[in-house]
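**Q** Below is the sequence, then the predicted model.
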There are 2 protein chains.
Amino acid sequence: MTDTPPHARLTAALSEDMAAVGDLIRDRMASENAPRIPEVTAHLVEAGGKRVRPLMTVACARMCGYEGTDHIKLAATVEFIHTATLLHDDVVDESRQRRGRPTANLLWDNQSSVLVGDYLFARSFQLMVETGSLRVLDILSGAAATIAEGEVLQLTAARNLATTEETYLKVVRGKTAALFEAAAQVGGVVAGVPDAQEQALARFGDALGVSFQIMDDWLDYGGAGDGIGKNLGDDFREGKLTLPVIRALARSDDAERAFWRDALERGKSEDLDRARTILDRHGTLEETRVEALAWRDRARAALAELPASDLREMLGDLADYVVARAL
Amino acid sequence: MTDTPPHARLTAALSEDMAAVGDLIRDRMASENAPRIPEVTAHLVEAGGKRVRPLMTVACARMCGYEGTDHIKLAATVEFIHTATLLHDDVVDESRQRRGRPTANLLWDNQSSVLVGDYLFARSFQLMVETGSLRVLDILSGAAATIAEGEVLQLTAARNLATTEETYLKVVRGKTAALFEAAAQVGGVVAGVPDAQEQALARFGDALGVSFQIMDDWLDYGGAGDGIGKNLGDDFREGKLTLPVIRALARSDDAERAFWRDALERGKSEDLDRARTILDRHGTLEETRVEALAWRDRARAALAELPASDLREMLGDLADYVVARAL
């Protein structure tokens, strides 16, 4: 690995493709009828996101030897789905900041965020249809259903101390891994790879997404101490049952259990330090980090089933990178 | 015409198909992971809606001689898209009642309405993909984009006295006609009709939807006086620029214009009677009714391009019915 992060090296190696993705996104987010749509969309898509998901699609397609142009459409599709879910998530979570800027629901209103999100979902499906691949449509519409299902599950599991690790993993797949999985897999589909390689790509994307989200949940409780790009303790204050908490709860004594009940169920979540002390006592922050690394290893193992190439190297480095810091 | 309304006669004539649509909707709205999803969906889909949109798809397919089963999937798709837009609309409009019952956003919360709507959108795309028809996917994803665009346009046009009839018609197409158009058209596509008939079906659905929405906007100002299924003056209080108002504004004197500015721009909309008096003075309520009838005639003319049958008769009666009362 060099000092340049792998997503930046991938973007440089695929700069023409990624520029085409950017052009297509700008072109398709337009709406001559409703100028509010490109305004809201531009606020998000031009806010300096790293476009890791479309990068996955483009990189996987090229790694598999694809020489056409449909992967550009699929990459834009993936970014539109991602942007739509961000718009809706910020309404659902009543968020005020995203990528260091005020959220769209704050700058405009919830109504615009809901409806522009719907528009981007619809536009993403139109883009997919243009590829003419029913296999791609099947994968991405399935991913969209899994994402929405995971978000509903997260909503109903919040503040519920009985949440299991199994439910946690479903939420993680929905909110993060499903789109990474689909993004990688459709890159292979468009390149026409054999089924075994398509499945390996899907497992790579899934495992990378899971490791990324688990690490994100670890960072929310301080992680290595810098909490890059996040406010420490957001999950704690929102009563989200993430892996370090679920495991600590199972081992908590009566006093600790009473603390979690007050903090997570009843929202008396002033004492983040106490929460971290309990997590430390049970060693679950470290366990969470180890779990993220295990998923990173699964991502690398899946990638090893694909032919060696420079792009494969960089995608492997990307798997290391997501557990080293939040994207 | 008999005393039985045409949608009831169509439902009776197509009872097996409509029962299959109902079964498929119940089956696909399930989610073993997130029970909140079927709860919220059932609240809406079992609230006694007349399922006019899926009925259009089924009736158009059968009228065109279709003997397969894909029209069932398309009809369920159309109802899922409709249900998703209702869920999101009620969040956007902060509605408290729908079909005489409390809205989902009131019974649960805005979050559930947003996310369950997203889930239903995704499920509708999965159902479409199962038909294997890219033409159908193209039509319905296009309709979904037009719907969202129309809703955004309605949002940004509200309280704007400069709204034109052209913009009004785009809003009408988005909020209502686009889905009727697609519902009718895909019935023909699945039956494999020639392009001219497919386009006639699209024009039929579009014109029926436009006439329905214009009549709905007429009813909001009292229409024939009963205002079935609507609270009188909702549009007025929400500052929506509908056809009778747009036309009256163009002919208003200074005093009337000041009234509209206060009522629509500034939300001082206590005096619905004054609004109705002004509309009456300029004759725009009657003009609006006549406009709805003209669209009804266009719907009937488009239908006449298709082969005569009992189903065609009933669909023609349906076009009469939507201008006679709100569905």
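**A** Arrived safely, thanks for sending. Quick caveat: nothing in here was measured; it's all calculated off a predicted structure. Numbering: from 1, shown residues only, chains lettered A, B, ... in the order given.
**Q** Neighbours of residue A:307, how many?
**A** 10 (other C-beta atoms under 10 Å in any protein chain shown). Quick note: C-beta positions are derived from backbone N, CA and C, even for glycine.
**Q** now residue A:6
**A** For residue A:6, the neighbour count with other C-beta under 10 Å is 23.
**Q** Under the pLDDT cut-off, which ranges of the stretch 51-200 of chain A? List them.
**A** In the predicted model, the stretch 51-200 of chain A carries no residue with pLDDT under 70.
**Q** which residues touch the residue nearest the centre of chain A?
**A** By C-alpha atoms, centre = their mean, chain A has its centre lying nearest to residue A:176, at 3.4 Å. Residues in contact with residue A:176 (C-beta atoms under 8 Å, 6 or more residues apart in numbering or on different chains) are A:209, A:210, A:212, A:213, A:216.
**Q** Can you read off the backbone torsions of the fourth one?
**A** Main-chain torsions, residue A:213, degrees, to the nearest 10: phi -70, psi -40.
**Q** Any figure for the gap between the residue nearest to it when sequence neighbours are not counted and chain B?
**A** What sits nearest to residue A:213 in space, not counting adjacent residues and going by C-beta to C-beta, 6 or more residues apart in numbering or on different chains, is residue A:176, at 4.0 Å. Counting by C-beta to the nearest C-beta, to the nearest Å, the gap from residue A:176 to chain B is 15 Å.
**Q** Any figure for the gap between residue A:176 and residue A:85?
**A** 10 Å (C-beta to C-beta, to the nearest Å).
**Q** swap in residue A:162?
**A** 27 Å.
**Q** Identify each buried residue in stretch A:164-184, please.
**A** Going by neighbour count (16 or more other C-beta atoms under 10 Å in any protein chain shown), the buried part of stretch A:164-184 is A:167-184.
**Q** which bits of the stretch 51-200 of chain A sit near chain B?
**A** Within the stretch 51-200 of chain A, the residues that sit near chain B (C-beta under 8 Å from any C-beta of the partner chain) are A:85, A:88, A:91-92, A:110-112, A:114-119, A:121-123, A:125-126, A:128-129, A:132, A:134, A:137-138, A:141-142, A:144-145, A:147-153, A:155-156, A:170.
**Q** Inside helices: which ones of those residues?
**A** The members of these that map onto helices under DSSP state H are A:85, A:88, A:91-92, A:110-112, A:114-119, A:121-123, A:125-126, A:128-129, A:134, A:137-138, A:141-142, A:144-145, A:147-153, A:155-156, A:170.
**Q** coming back round to it: residue A:162 and residue A:85: who's more crowded?
**A** Counted by other C-beta under 10 Å, residue A:162 and residue A:85 do not tie: residue A:85 has more neighbours, with 24 against 9.
**Q** doesn't residue A:118 make contact with that one?
**A** No. Counting by C-beta atoms under 8 Å, residue A:85 stays clear of residue A:118, with 11.5 Å between them.
**Q** What's the PyMOL line that selects buried ones from the residues of the stretch 51-200 of chain A next to chain B?
**A** Applying 16+ other C-beta under 10 Å to those, the buried members can be selected in PyMOL as follows:
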select buried, chain A and resi 85+88+91+92+110+111+112+114+115+116+117+118+119+121+122+123+125+126+128+129+134+137+138+141+142+144+145+147+148+149+150+151+152+153+155+156+170
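**Q** Tell me who's in contact with the closest residue to residue A:94 other than its chain neighbours.
**A** Excluding the flanking residues, the one nearest residue A:94 by C-beta to C-beta, 6+ apart is residue A:105, at 7.7 Å. Neighbouring residues of residue A:105 by C-beta under 8 Å, 6+ apart: A:87, A:90, A:91, A:94, A:95, A:112, A:113.
**Q** out of those, which are buried?
**A** Applying 16+ other C-beta under 10 Å to those, the neighbour count classes A:87, A:90, A:91, A:95, A:112, A:113 as buried.
**Q** now, the most widely separated pair of the residues you listed?
**A** Maximum pairwise distance in the buried ones among the contacts of residue A:105, criterion C-beta to C-beta, is 14.5 Å, between A:95 and A:112.
**Q** State whether the residue nearest to residue A:94 is indeed within a helix.
**A** Yes. Residue A:105 sits within a helix when classified using DSSP: H, G, I helix; E, B strand; the rest coil.
**Q** That one and residue B:151, how far apart?
**A** Counting by C-beta to C-beta - residue A:105 and residue B:151 are separated by 16 Å.
**Q** Repeat that for residue A:201.
**A** In this view, residue A:201 and residue B:151 are 36 Å apart by C-beta to C-beta.
**Q** and residue A:81, how many neighbours?
**A** The local packing of residue A:81 (other C-beta under 10 Å) involves 28 other residues.
**Q** got a list of what it touches?
**A** Contacts of residue A:81 (C-beta under 8 Å, 6+ apart): A:120, A:121, A:124, A:140, A:143, A:144, A:147, A:179.
**Q** Kindly recompute the last result at 7 Å.
**A** For residue A:81, the contacting residues are A:121, A:124, A:144, A:179, by C-beta atoms under 7 Å, 6 or more residues apart in numbering or on different chains.
**Q** Distance-wise, check residue A:22 relative to chain B.
**A** 21 Å.
**Q** ok, how many other residues are close to that residue?
**A** 18.
**Q** That one: what secondary structure?
**A** Applying three-state DSSP: residue A:22 is helix.
**Q** gap between it and residue A:126?
**A** Distance of residue A:22 to residue A:126, computed by C-beta to C-beta: 18 Å.
**Q** go on, residue A:65?
**A** Taking C-beta to C-beta as the measure, residue A:65 falls 27 Å from residue A:126.
**Q** Likewise for residue A:68?
**A** Distance from residue A:68 to residue A:126, by C-beta to C-beta: 19 Å.
**Q** quick one: contacts of stretch A:188-204?
**A** The contact list for stretch A:188-204 (C-beta under 7 Å, 6+ apart) reads A:60-61, A:64-66, A:70-71, A:74, A:131, A:133, A:135-136, A:139, A:181, A:184-185, A:187, A:299, A:302-303, A:305-306.
**Q** Can you flag which of these belong to helices?
**A** Per DSSP H, these map to helices at A:60-61, A:70-71, A:74, A:131, A:135-136, A:139, A:181, A:184-185, A:187, A:299, A:302-303.
**Q** filter those to the buried ones?
**A** If you count burial by 16+ other C-beta under 10 Å, the buried members of those come out as A:60-61, A:70-71, A:74, A:131, A:136, A:139, A:181, A:184-185, A:187, A:299, A:302-303.
**Q** which one among those gets closest to residue B:18?
**A** Closest approach to residue B:18 among those (C-beta to C-beta): residue A:139, at 31.4 Å.
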